[in-house]
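1. just coords:
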């Protein structure tokens, strides 16, 4: 099997396409969550904590030396914001998985109706019953 043909079969499998769609949607969802955290959640939280701007929180390790050498800082405010982003994304994924699992449980709990027998079986059953009735 040629490498190109093997790659084409691999890329066109359903799971790979589903994964690609999930990654693209996940990236877009991550941007939305980052915006919600940075623009909606953190400002009121900072206001409740005395007007703290989390994105500006940092610890200066070494002061700037003139215009050419910037200060060395530890930006723990950005880390806090990233942690809040992660918690929101993790909760959203948890809620989605929980919803999907409950739907699967309902589907599995519902009794499946038996499929009607094939026409041949119905005909053979009628013939059998007629033969029994003759005897």
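-> The structure has been received and is ready for your questions. Treat the numbers as computed from the prediction; the structure is a model and nothing was measured.

2. buried set for the longest helix that the chain contains?
-> For the chain, the longest helix by residue count, based on DSSP state H, is helix 76-109. Applying a neighbour-count criterion of 16 or more other Cβ atoms under 10 Å, one finds 77, 80, 81, 84, 85, 88, 89 buried in helix 76-109. Heads up, the C-betas are built off the backbone N, CA and C, glycines and all.

3. any idea how far residue 22 is from the most centrally placed residue in the chain?
-> For the chain, the residue nearest the mean C-alpha position is residue 93 (5.1 Å; Cα atoms, centre = their mean). Per Cβ to Cβ, to the nearest Å, residue 93 is found 11 Å from residue 22.

4. the strands in this structure, which residues?
-> 59-62, 72-74 (DSSP state E).

5. which of those sits closest to residue 9?
-> Closest of the strands of the chain to residue 9 is strand 72-74, at 49.2 Å (criterion: Cβ to Cβ).

6. so residue 30 makes contact with residue 89?
-> Yes: using Cβ atoms under 8 Å, residue 30 is in contact with residue 89, at 6.5 Å.

7. so where is this structure shaky, pLDDT-wise?
-> Across the chain, the ranges flagged by pLDDT under 70 are 1, 14, 110.

8. ok, 50 please
-> Low-confidence segments of the chain (pLDDT under 50): none present.

9. re the thing from before, which secondary structure elements does the longest helix of the chain contact?
-> Judged by 3 or more Cβ pairs under 8 Å, 6 or more residues apart in numbering; DSSP states H and E, helix 76-109 is in contact with helix 14-36.
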